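A.B. asks: Please find the sequence and the predicted model below.
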Amino acid sequence: MSNKLWKVLLASPAVLGMGFAGSAVAAEATGVDALENSQESVELAQVSTIDELIDVSPTDWAFAALESLVEDYACIEGDFGTNTYRGNQFMTRYEFAAGLNKCLDSIRFLLADGGVDLEGLETIQRLQEEFAAELATLRGRVDALEAETEELRAQQFSTTTKLRGQVDGNLVVPFGELNDEDDDVTTFNARARLNFDASFTGEDRLRVRLQSGDDDFGALGAAGGLANSTSDASTDTGGQTVSGFNVDIDDLYYSFGVGDNLDFIIAANSIATDDFVTSTIVPFDGPSVADPGGPVGYDFDMGGGGFAVGGSIGLGDNFVIDAGYSGDQGNSGTNDTDDGGIFGANSQSYIVQGSFLSDGLIDAAVAYLHGNDGGDNDFTDTFMGLLNLDFGNFFLAGYFAFHDNGDDDDTSFQFGGGFDDLLFEGSEFGVYYADLADYDDDPYMIEGYLAIPVNQYLTLTPAVIYGDLGDGDDDENFYGALRATFSF
């Protein structure tokens, strides 16, 4: 049997089969969109030497096989425009068939030219029998992948929209005296969210969020309640306030990018103050159970929550400037012509923040906020600085804010630290102290929490909370809390 035929028989399954099997494995990981994108047509051109392919080097494991297929049998083509082979790219069945056909043509030429003897034909038969099981397995994997792809296409929710959800349940147990009486009342509240996120360019997002929950903020009232909760209160026609798991559109906004460094957002509701910023800097924002884990300096005497518009600009690799405006919604809001519309809303908020964001030790920001929470043009100016020092698995973070309300000034601040991957991989332990500006009462709070990712869908966060959090009347109390967060 000729050496050339032996090479082509060994090289063809190695190179073509590698691309075919790799396509099946990669497509299983990347899904339907990746498969569709991978099948875009590429103009190919025949190459006569392996040196013409600029992305193939002698160190590649299949170099010898490619060299033989190119120079001895002319089986391989390259990208006409870039002179590349792209050996790691997904391979379609059409491409496999075309490549195999070229190699079979070479074998037919050898057979017609008398380049194969009886011993060679017997060797070919033995090779077919030896690799029959592997070829059958490969064919089965491809058939299964095609069936799964068709099923995904048939059952997918939308070609442009992804559905994501989150459910939070909060159990809170107070201990000791509260409001001069024994308080042993255990409370539970829950919140559910469904996010419909649509993208039309791959760089934009249209979000519609449905939200429902039940929380009257009786627990930790002076602190603003729990982080993952919602009031969900409404008034019926008789004037009585009722609450409890009414479904509302909580988010309705469209965000999009312009070029590489500009991003904009336009919203109809629920976007204000820290919703505009790229980062709130402090790591307590998110994992903490109590609301003050997210810097309360962003919310002090600020309004908005109706029509909103904002944007971000990146300056180099580490600097970002964010800005935004939000007006109130509903009566006396941005859709009320009697109260001046967008810029005459009864409550408003403006924010400008400059941030330094790195993958190293320091993340920091300075922010200016101007707004009111519904008073008669009684605006508050807030000047705030935020800092996070990341030492690897340990961090120190906090903020300080000065609130200028003309006749009344106040401050709020937060400081604390924590550990990542404490006791459990992916966990976060944090302890922080928060001084909550309230002009007169100045409540404060200390929280320690441990966010434990049980799996990719469930996170449990036990917490211990202490502070003056009843009605701001100097009645300190301990609270135990447990939050379960389901994400899907």
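C.D. replies: Ah, there it is.
A.B. asks: Return the distance of Gly225 relative to Asp275.
C.D. replies: Distance, Gly225 to Asp275, by Cβ to Cβ, to the nearest Å: 18 Å. C-betas here are computed from N, CA, C, even on glycine.
A.B. asks: Next: Asn189.
C.D. replies: Distance from Asn189 to Asp275, by Cβ to Cβ: 22 Å.
A.B. asks: Repeat that for Leu262.
C.D. replies: Taking Cβ to Cβ, one finds Leu262 at 18 Å from Asp275.
A.B. asks: what about those two, which has more around it?
C.D. replies: Asp275 (21 against 12; other Cβ atoms under 10 Å).
A.B. asks: residues in contact with that one?
C.D. replies: 308, 324 (Cβ atoms under 8 Å, 6 or more residues apart in numbering).
A.B. asks: Next: Pro283.
C.D. replies: 388, 395, 397, 418, 428, 430.
A.B. asks: residue closest to the middle of this structure?
C.D. replies: Closest residue to the average C-alpha location of the chain: Arg164 at 10.7 Å, with Cα atoms, centre = their mean.
A.B. asks: just checking, that residue is part of a helix?
C.D. replies: No - looking at Arg164 with DSSP: H, G, I helix; E, B strand; the rest coil, it is strand, so not inside a helix.
A.B. asks: got a list of what it touches?
C.D. replies: 194-195, 197, 487-488.
A.B. asks: In strands only, show me these.
C.D. replies: Counting by DSSP state E, these place 194-195, 197, 487 in strands.
A.B. asks: so where do the strands sit in the stretch 1-150 of the chain?
C.D. replies: Here the stretch 1-150 of the chain has its strands, by DSSP state E, counting those that start in this stretch, at 44-46, 77-79.
A.B. asks: Skip the chain neighbours and tell me the closest residue to Asp390.
C.D. replies: Excluding the flanking residues, the one nearest Asp390 by Cβ to Cβ, 6 or more residues apart in numbering is Leu361, at 6.0 Å.
A.B. asks: Break the protein into its domains for me.
C.D. replies: Split into domains by automatic domain parsing, the chain comes to 3-155, 191-439.
A.B. asks: Need the winner for burial among those.
C.D. replies: Counting by mean count of other Cβ atoms under 10 Å, domain 191-439 has the highest mean neighbour count of the domains of the chain, with a mean of 18.
A.B. asks: Pull the distance from that domain to the chain's centre.
C.D. replies: Taking Cα atoms, centre = their mean, to the nearest Å, one finds domain 191-439 lying 17 Å from the centre of the chain it belongs to.
A.B. asks: can you tell me the average pLDDT over that domain?
C.D. replies: Mean pLDDT, domain 191-439: 88.
A.B. asks: try stretch 133-145
C.D. replies: Computed over stretch 133-145, the average pLDDT equals 84.
A.B. asks: to the chain's geometric centre, what's the distance from it?
C.D. replies: 35 Å.
A.B. asks: what about Gln211, distance to Gly310?
C.D. replies: Distance from Gln211 to Gly310, by Cβ to Cβ: 21 Å.
A.B. asks: If you could redo that for Gly416, that was the one I meant.
C.D. replies: Distance from Gly416 to Gly310, by Cβ to Cβ: 29 Å.
A.B. asks: same question, Gly448
C.D. replies: 34 Å.
A.B. asks: And for Phe343?
C.D. replies: Taking Cβ to Cβ, one finds Phe343 at 15 Å from Gly310.
A.B. asks: just Phe188 next, same as before
C.D. replies: Applying Cβ to Cβ to Phe188 and Gly310 gives a distance of 35 Å.
A.B. asks: same deal with Leu262?
C.D. replies: Distance from Leu262 to Gly310, by Cβ to Cβ: 12 Å.
A.B. asks: Asp197 now?
C.D. replies: Distance from Asp197 to Gly310, by Cβ to Cβ: 18 Å.
A.B. asks: which secondary structure element contains Leu450?
C.D. replies: strand 444-453 (DSSP states H and E).
A.B. asks: And the furthest pair within the contacts of Pro283?
C.D. replies: Asn388 and Glu428 (12.9 Å; Cβ to Cβ).
A.B. asks: wait, is Asp317 part of a strand?
C.D. replies: No - Asp317 is assigned coil when assessed by three-state DSSP, not a strand.
A.B. asks: got a list of what it touches?
C.D. replies: Neighbours of Asp317 in contact, by Cβ under 8 Å, 6+ apart: none.
A.B. asks: now do Asn228
C.D. replies: Contacts of Asn228 (Cβ under 8 Å, 6+ apart): 168, 170, 191, 289, 483, 485.
A.B. asks: Any chance of CSV for those residues, columns secondary structure and distance to Tyr298?
C.D. replies: Converted to CSV, these look like this (DSSP: H, G, I helix; E, B strand; the rest coil; distance: Cβ to Cβ, whole Å):
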residue, secondary structure, distance to Tyr298
Asp168, strand, 21
Asn170, strand, 22
Arg191, strand, 20
Val289, coil, 18
Arg483, strand, 21
Thr485, strand, 22
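A.B. asks: for the stretch 201-350 of the chain, what spans make up the strands?
C.D. replies: 205-214, 233-235, 241-243, 248-258, 262-269, 308-315, 319-327, 348-356.
A.B. asks: neighbouring contacts of the last one?
C.D. replies: Outside of strand 348-356, the residues that reach it under the criterion Cβ under 8 Å, 6+ apart are 272-274, 276-279, 281, 298, 302-304, 310, 318-328, 362-372.
A.B. asks: that older thread, could you dump the strands of the stretch 201-350 of the chain to a markdown table with distance to Ala133?
C.D. replies: Formatted as a markdown table, those follow (distance: least, Cβ to Cβ, whole Å):
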| stretch | distance to Ala133 |
| --- | --- |
| strand 205-214 | 48 |
| strand 233-235 | 66 |
| strand 241-243 | 65 |
| strand 248-258 | 51 |
| strand 262-269 | 53 |
| strand 308-315 | 54 |
| strand 319-327 | 57 |
| strand 348-356 | 58 |
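A.B. asks: Specify which member of the contacts of Pro283 is nearest to Glu122.
C.D. replies: Glu428 (66.1 Å).
A.B. asks: Surely that closest one and Ser288 touch.
C.D. replies: No - if you go by Cβ atoms under 8 Å, Glu428 and Ser288 don't touch, sitting 9.5 Å apart.
A.B. asks: Okay, Asp408 and Asp378: tell me how far apart.
C.D. replies: Taking Cβ to Cβ, one finds Asp408 at 10 Å from Asp378.
A.B. asks: what touches both of these two?
C.D. replies: With Cβ under 8 Å, 6+ apart, Asp408 and Asp378 have no common neighbours.
A.B. asks: Helices of the protein, residue ranges please.
C.D. replies: Along the chain, the stretches classed as helices by DSSP state H are 3-38, 63-71, 93-112, 118-130, 132-155.
A.B. asks: need the least confident one among these, by mean pLDDT.
C.D. replies: Across those, helix 3-38 gives the lowest mean pLDDT, at a mean of 41.
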